[in-house]
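Participant: coords below, sequence missing:
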């Protein structure tokens with residue numbers, strides 16, 4: 001009887017040992033330090049964003065003054081070259097008129113000096129000495145002092161008998177030409193400033209903001225225009241989702257108030273994340289394949305992208 005009990009105990013012991021061995025042979029439960037956190041992928045990632053123009057341009061007056069007219073308001077569609085606003089042009093127009101008069105005077109003075117030099121007894125030397133050389137670098141005239149003269153030997157201005165007077169003519173002509181150049185530049189500047197009193201649309205688009213009104217003093221960035229021929233959605237994806245995105249990847253965009261979904265493609269993925277409340281997100285730009293009718297700048301959008 002004692003042997004039977006012992007045999008049963010041995011069988012029980014073997015069974016327990018086998019159970020322990022089978023259990024120890026299964027995959028052990030990892031510790032917290034060994035676990036890898038992975039995003040449970042459902043095959044697609046989603047994010048919220050807003051509709052924006054593909055590009056925005058901020059416009060300013062190039063001169064100071066008082067705003068005399070504003071022709072547009074936010075939301076208006078504009079064409080390239082359309083006038084949007086202007087400031088009082090009285091001072092700028094006067095500056096142009098003054099510059100034109102001064103340039104005319106400078107040109108007249110140059111003509112008078114040249115005529116005087118031609119009529120001078122030493123014109124033979126002047127015409128030779130003041131003749132620009134065709135050699136040398138552009139924009140810097142060199143002058144030859146050589147002349148065949150009339151005496152054969154000696155030549156140059158000395159052959160005409162009045163070297164000092166000839167040099168004075170040369171100096172006067174150069175000075176008059178320099179004055180013409182200076183006045184020409186001044187006129188060009190005055191004309192640019194006159195043009196800067198008017199803001200025109202550099203591209204066709206939609207007016208986003210207007211921050212001036214008639215009577216205000218001109219300042220920078222007074223009107224902004226968005227190029228709406230191509231619209232995009234700017235969305236923020238979490239750092240866990242952005243790794244599934246690639247450039248050119250297709251996506252669908254749902255817009256509140258619009259039936260159905262619209263197709264788009266990823267055209268930009270930010271390389272730097274933004275942290276807010278311990279959450280890191282990355283900006284992603286998606287360009288519509290076809291801009292939906294009636295789309296509004298700034299409206300919300302729900303973006304869905306099939307995970308790569």
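Facilitator: Received the coordinates, thanks. All values reported here derive from a predicted model rather than from experimental measurement.

Participant: which helix of the protein spans the most residues?
Facilitator: Scanning the chain for the longest helix, with DSSP state H as the assignment, gives helix 163-195.

Participant: contacting residues around stretch 74-87?
Facilitator: 59, 61, 63-72, 197-210, 212, 218, 222-223, 225, 228 (CB atoms under 8 Å, 6 or more residues apart in numbering). For glycine as for every other residue, the C-beta is placed from the backbone atoms N, C-alpha and C.

Participant: Could you do stretch 193-201 as well?
Facilitator: Applying CB under 8 Å, 6+ apart, the contact partners of stretch 193-201 are 59-63, 65, 78-89, 92-93, 95-96, 222-223, 225.

Participant: Mark which of these are buried, thanks.
Facilitator: Among the contacts of stretch 193-201, those scoring as buried are 59, 61, 63, 65, 78, 84-87, 89, 92, 95-96, 222-223, 225 (criterion: 16 or more other CB atoms under 10 Å).

Participant: between those, which is nearest residue 45?
Facilitator: Closest approach to residue 45 among the buried ones among the contacts of stretch 193-201 (CB to CB): residue 225, at 33.3 Å.

Participant: who touches that closest one in this structure?
Facilitator: By CB under 8 Å, 6+ apart, the contact list for residue 225 reads 56-57, 59, 78, 201-203, 205-208.

Participant: Tell me the pLDDT of the one residue sitting closest to the centre of the chain.
Facilitator: Centroid-nearest residue in the chain, with CA atoms, centre = their mean: residue 57, separated by 8.2 Å. Listed pLDDT for residue 57 reads 93.

Participant: Provide the secondary structure category for the closest residue in space to it that isn't next to it in sequence.
Facilitator: In space, and not counting its chain neighbours, residue 57 is closest to residue 225: 5.1 Å by CB to CB, 6 or more residues apart in numbering. Here residue 225 is recorded as strand under DSSP: H, G, I helix; E, B strand; the rest coil.

Participant: Tell me the bridge partners for residue 225.
Facilitator: Legend: beta-bridge partners of residue 225 under DSSP bridges are residue 57, residue 207.

Participant: same deal with residue 288?
Facilitator: Where residue 288 sits in a bridge, its partners, by DSSP bridges, are residue 264.

Participant: From residue 258, how far off is it?
Facilitator: Distance of residue 288 to residue 258, computed by CB to CB, to the nearest Å: 12 Å.

Participant: Specify which residue of the two has the higher count of neighbours.
Facilitator: With neighbours defined as other CB atoms under 10 Å, residue 288 and residue 258 compare such that residue 288 has more, 20 against 16.

Participant: Show me how the protein divides into domains.
Facilitator: 44-88+202-306, 90-148+157-195 (automatic domain parsing).

Participant: for residue 202, phi and psi?
Facilitator: Phi and psi for residue 202, reported as degrees, to the nearest 10, are phi -80, psi -20.

Participant: Excluding chain neighbours, what is closest to it?
Facilitator: Using CB to CB, 6+ apart and skipping residues adjacent in sequence, the residue nearest residue 202 is residue 57, 6.1 Å away.

Participant: so what's that neighbour up against?
Facilitator: With contact taken as CB under 8 Å, 6+ apart, residue 57 is in contact with 202-203, 205, 224-225, 227.

Participant: Okay, it and residue 79: tell me how far apart.
Facilitator: According to CB to CB, residue 57 stands 14 Å off from residue 79.

Participant: And the helix or strand hosting residue 68, what's buried?
Facilitator: Counting by DSSP states H and E, the element that carries residue 68 is strand 67-70. For strand 67-70, a neighbour-count test (16+ other CB under 10 Å) marks 67, 70 as buried.

Participant: how many other residues sit next to residue 115?
Facilitator: Residue 115: 10 surrounding residues under other CB under 10 Å.

Participant: is it fair to say it lies in a helix?
Facilitator: Yes: Residue 115: assigned to a helix according to three-state DSSP.

Participant: contacting residues for it?
Facilitator: Counting by CB under 8 Å, 6+ apart, residue 115 has no contacts.

Participant: coming back round to it: counting neighbours, which of the contacts of residue 225 comes out on top?
Facilitator: Ranked by the number of neighbours (other CB under 10 Å), the contacts of residue 225 place residue 205 first, at 23 neighbours.

Participant: now residue 209, nearest residue through space, not along the chain?
Facilitator: Once flanking residues are discounted, residue 209 sits nearest to residue 224: 4.6 Å by CB to CB, 6+ apart.
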